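Trainee: Any chance you could fold what I've pasted below:
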Amino acid sequence: MECRVLSIQSHVVRGYVGNKSATFPLQVLGFEVDSINSVQFSNHTAICSQNSLWGFILSLLMVTGGLGKGEAGSRNTDTPFSPCGGPTGPWRPQQTMVGVEDELGGFCRLRGIKVILYLSAYVTGYAHWKGQVLTAEELQVLYEGIKLNQVNRYDYILTGYSRDNSFLEMVVDIILELKKTNPSLVYVCDPVMGDHGVMYVPENLLPVYQEKIVPLSDILTPNQFEAELLTGRKIKTEEDAFEVMELLHKMGPGTVVLTSTDLPSKQGDKFLVALGSQKTVKPDGSKTSQKICMDIPKVDAVFVGTGDLFAAMLLAWTHHHPTDLKAACEKTVSVMHHVIKRTINYANDVAGPGKKPSPAQLELRMVQSKADIENPAIAVAVRVLE
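Mentor: Next comes the predicted model:
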């Protein structure tokens, strides 16, 4: 039977992020995808130059009174900086990050604003981006058009990054109505809020996620930091992680995957640990559960759109393996492995020996990975813990 997905995420003209990362792979696997673009940009904005970031920060300080116009001075803007809104999802780079709060933090804290900049050891990213942002009102208009034509029945809804409270609240309203239309609808949520201890969305989004989004979700894909935010619990051990996932289960979702953690891998420091937990109810009413662990090879590069691809693939493979999280995650992470491996090989070949690939060269090789998306050879084994 045909499955239709409503995906509410960002969109870029060039490259792969948000809906661009999710739509093609889902279509390849037989899903019809209706996309609403929360933003439409020329290219991804995850990593920017120090010059543009300093310009924003200095303007902010002047507006808030933290820094006088005569105090701005001059800065050496040759070093690339990465704002806290970096790449999301699994295979987050293990970057060398250097805080510079000592230079700006004092001014900002005087005005109740905490600013943290990070030095990226990898790439400067695209120098420019242009585009438009969809408002909550415009989202409502688009959905009303779908509703008026009576084509608002979906099997899945997939959401990623939301930029403000009003937009996220409108997403909640849409999900509630879609679940009323189809009680069997499955909601897959990537609660994009931050990473490495830093939020890169407004803090007022957190209670919306906690009180409205997570209770509606069926499949949740936070990283460790996002899971800690949602539950108010710190993760220092594997036991802590599963306790946090148990709390998330109690909030709503039957399937929770921590897409990245800081926990040590039994295979060594070249591997990233991801964990999953699933609770299901069989047709006869009996309950089952499964806990899994994935040791994923770390990648010494910065990618954008991998988290969006992960959530889309988890949607697809849990559809085919609804009560077997191990099988679904093995295929999901194996797709990721093949796409990223092909991307790295291509980027290095095009960049040339001894040269660092550019952001354009590191865009995911999605079309070229079609066969691996359709039928991924298992490259990452998943261990069942319980």
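Trainee: for this structure, what helix or strand is lowest in average pLDDT?
Mentor: The helix or strand of the chain with the poorest confidence is strand 81-82; it has a mean of 28 (mean pLDDT, DSSP states H and E).
Trainee: same for the longest helix belonging to the chain, what does it pack against?
Mentor: When the chain is scanned for its longest helix (criterion: DSSP state H), the result is helix 325-351. Secondary-structure packing of helix 325-351 (3 or more Cβ pairs under 8 Å, 6 or more residues apart in numbering; DSSP states H and E): strand 255-258, strand 271-281, strand 287-297, helix 306-320, helix 370-374, strand 382-384. Any C-beta I mention is one placed from the backbone N, CA and C, and that applies to glycine too.
Trainee: again, 10 Å this time
Mentor: If contacts are counted by 3 or more Cβ pairs under 10 Å, 6 or more residues apart in numbering; DSSP states H and E, helix 325-351 sits against helix 19-28, strand 255-258, strand 271-281, strand 287-297, helix 306-320, helix 370-374, strand 382-384.
Trainee: Can you tell me which of these is most buried?
Mentor: Burial of the helices and strands packed on helix 325-351 is given as mean neighbour count (mean count of other Cβ atoms under 10 Å); strand 255-258 ranks first at a mean of 28.
Trainee: Adjacent strands (with direction) for that one?
Mentor: Strand 255-258 pairs in its sheet with strand 219-220 (parallel), strand 271-281 (antiparallel), by DSSP bridges.
Trainee: And those strands, which one averages the lowest pLDDT?
Mentor: The weakest mean pLDDT among these belongs to strand 271-281, with a mean of 95.
Trainee: orientation of it relative to helix 325-351 in degrees?
Mentor: Using axes from the mean of the first three to the mean of the last three Cα atoms, to 10 degrees, the direction of strand 271-281 lies 150 degrees away from that of helix 325-351.
Trainee: Report the backbone C-alpha coordinates of strand 271-281 in PDB.
Mentor: The C-alpha trace of strand 271-281 is given here as PDB (Å, rounded to 0.1, in the frame of the first residue of the first chain):
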ATOM      1  CA  PHE A 271      34.100   5.100  17.200                       C
ATOM      2  CA  LEU A 272      31.000   7.100  18.200                       C
ATOM      3  CA  VAL A 273      28.400   5.400  20.400                       C
ATOM      4  CA  ALA A 274      24.700   5.700  19.400                       C
ATOM      5  CA  LEU A 275      22.000   4.000  21.400                       C
ATOM      6  CA  GLY A 276      18.400   3.000  20.800                       C
ATOM      7  CA  SER A 277      15.300   1.800  22.800                       C
ATOM      8  CA  GLN A 278      12.000   0.600  21.400                       C
ATOM      9  CA  LYS A 279       8.800  -0.400  23.200                       C
ATOM     10  CA  THR A 280       6.100  -2.000  21.100                       C
ATOM     11  CA  VAL A 281       2.600  -3.500  21.600                       C
END
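Trainee: before we move on, back to that, please produce TSV containing the strands paired with strand 255-258, extended by distance to residue 329.
Mentor: Output for the strands paired with strand 255-258, formatted as TSV (distance: least, Cβ to Cβ, whole Å):
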stretch	distance to residue 329
strand 219-220	11
strand 271-281	6
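Trainee: average pLDDT for the host helix or strand of residue 171?
Mentor: Here residue 171, judged by DSSP states H and E, is contained in helix 165-181. Averaged over helix 165-181, pLDDT sits at 97.
Trainee: quick one on the thing from earlier: in JSON lines: the helices and strands packed on helix 325-351, plus distance to residue 9.
Mentor: Shown next, in JSON lines, are these (distance: least, Cβ to Cβ, whole Å):
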{"stretch": "helix 19-28", "distance to residue 9": "5"}
{"stretch": "strand 255-258", "distance to residue 9": "18"}
{"stretch": "strand 271-281", "distance to residue 9": "21"}
{"stretch": "strand 287-297", "distance to residue 9": "23"}
{"stretch": "helix 306-320", "distance to residue 9": "6"}
{"stretch": "helix 370-374", "distance to residue 9": "18"}
{"stretch": "strand 382-384", "distance to residue 9": "26"}
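Trainee: Low-confidence bits of the chain, can you list those?
Mentor: 46-125 (pLDDT under 70).
Trainee: Domain map for it?
Mentor: Annotated domains of the chain cover 3-43+130-384, 50-119 [automatic domain parsing].
Trainee: Deepest-packed of those domains, please.
Mentor: Highest mean neighbour count of the domains of the chain: domain 3-43+130-384, a mean of 19 (counted as mean count of other Cβ under 10 Å).
Trainee: how far is that one from where the chain is centred?
Mentor: 6 Å (Cα atoms, centre = their mean, to the nearest Å).
Trainee: what do you get for stretch 35-44?
Mentor: 14 Å.
Trainee: what ranges do the strands span in the stretch 51-200 of the chain?
Mentor: Counting by DSSP state E, counting those that start in this stretch, the stretch 51-200 of the chain has strands at residues 81-82, 118-119, 131-133, 156-159, 186-189, 194-195, 198-199.
Trainee: what about the ones you listed, which gets the closest to residue 279?
Mentor: strand 186-189 (14.4 Å; Cβ to Cβ).
Trainee: For the closest one, name the packing helices and strands.
Mentor: By 3+ Cβ pairs under 10 Å, 6+ apart, strand 186-189 packs against strand 3-12, strand 156-159, helix 165-181, helix 214-216, strand 219-220, helix 306-320.
Trainee: if you set the cut-off to 6 Å instead, what comes out?
Mentor: Contact partners of strand 186-189 among helices and strands, from 3 or more Cβ pairs under 6 Å, 6 or more residues apart in numbering; DSSP states H and E: strand 156-159.
Trainee: The strand it packs on pairs with which strands, and in what direction?
Mentor: strand 3-12 (parallel), strand 186-189 (parallel).
Trainee: could you dump the ones you listed to JSON lines with distance to residue 281?
Mentor: Formatted as JSON lines, the strands paired with strand 156-159 follow (distance: least, Cβ to Cβ, whole Å):
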{"stretch": "strand 3-12", "distance to residue 281": "21"}
{"stretch": "strand 186-189", "distance to residue 281": "14"}
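Trainee: out of those strands, which comes closest to residue 366?
Mentor: Closest of the strands paired with strand 156-159 to residue 366 is strand 3-12, at 12.3 Å (criterion: Cβ to Cβ).
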